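Engineer: Give me a model of this one.
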Amino acid sequence: MKLYILIHEQDTDSSWGTSAKPFIDRAAAQDAMRQDYEDTIKRWGFDEAVQTEEHRSYCHDGGAMIRNDTDMEQWRIEEHELQVEMAVEVHQGLVQAIYANADIYPEVYDLDSSDFAEDSETAEVDIKAAELEKLKQQPGWRAVY
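Structural biologist: Predicted coordinates:
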């Protein structure tokens with residue numbers, strides 16, 4: 001499992017420090033970085049049209065920086081691999097247990113219906129199937145088996 005860590009470093013006259021935010025999607029980390037960068041540009045009243053050694057800014061996919069003399073804020077995205085593993089125990093067609101080496105929150109979508117299903121049972125299965133399909137379309141979701 002890939003983790004994308006957005007690291008924000010601030011060294012200004014008003015404050016200094018570092019923060020880190022984890023993401024499981026690179027695009028989400030990039031969007032958050034870009035939003036932080038744009039908010040900081042506005043808050044500082046920074047003129048991006050004027051670029052010098054001591055007054056410069058940039059924002060690209062992997063990092064961003066704003067510098068005005070000795071005040072500086074910068075962002076970077078680091079990619080890390082986290083080995084998350086999961087095993088599903090099934091006995092007689094039923095999930096008995098799910099084991100993992102990390103805190104995960106599995107959701108089981110049972111799309112089976114009885115041989116003589118009533119309309120309400122069929123409708124419930126259709127709703128669950130639609131929920132699962134919507135979930136599978138989200139960024140980062142994919143079949144692993």
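Engineer: use CA for all of it now, contacts and neighbours both
Structural biologist: OK.
Engineer: which secondary structure element contains the residue nearest to Lys21 when sequence neighbours are not counted?
Structural biologist: Counting by C-alpha to C-alpha, 6 or more residues apart in numbering, Lys21 lies nearest to Leu6, which is 5.1 Å off, once chain neighbours are set aside. Of the helices and strands defined by DSSP states H and E, Leu6 is found in strand 2-11.
Engineer: The residue lying farthest from the centre of the chain in helix, strand or coil?
Structural biologist: In the chain, the residue that sits farthest from the middle, by C-alpha atoms, centre = their mean, is Phe116; the gap is 42.3 Å. The local conformation at Phe116, judged by DSSP: H, G, I helix; E, B strand; the rest coil, is coil.
Engineer: What of the one 5 residues further on?
Structural biologist: Taking three-state DSSP as the rule, one finds Glu121 in the helix state.
Engineer: Next, find the distance separating the residue nearest to it when sequence neighbours are not counted from Val125.
Structural biologist: Excluding the flanking residues, the one nearest Glu121 by C-alpha to C-alpha, 6+ apart is Ser113, at 6.9 Å. Ser113 sits 7 Å away from Val125 when distances are taken as C-alpha to C-alpha, to the nearest Å.
Engineer: higher neighbour count, the two?
Structural biologist: Shown here are Ser113 and Val125; by other C-alpha atoms under 10 Å, Val125 has more neighbours (17 against 12).
Engineer: I am finished for the moment; much appreciated.
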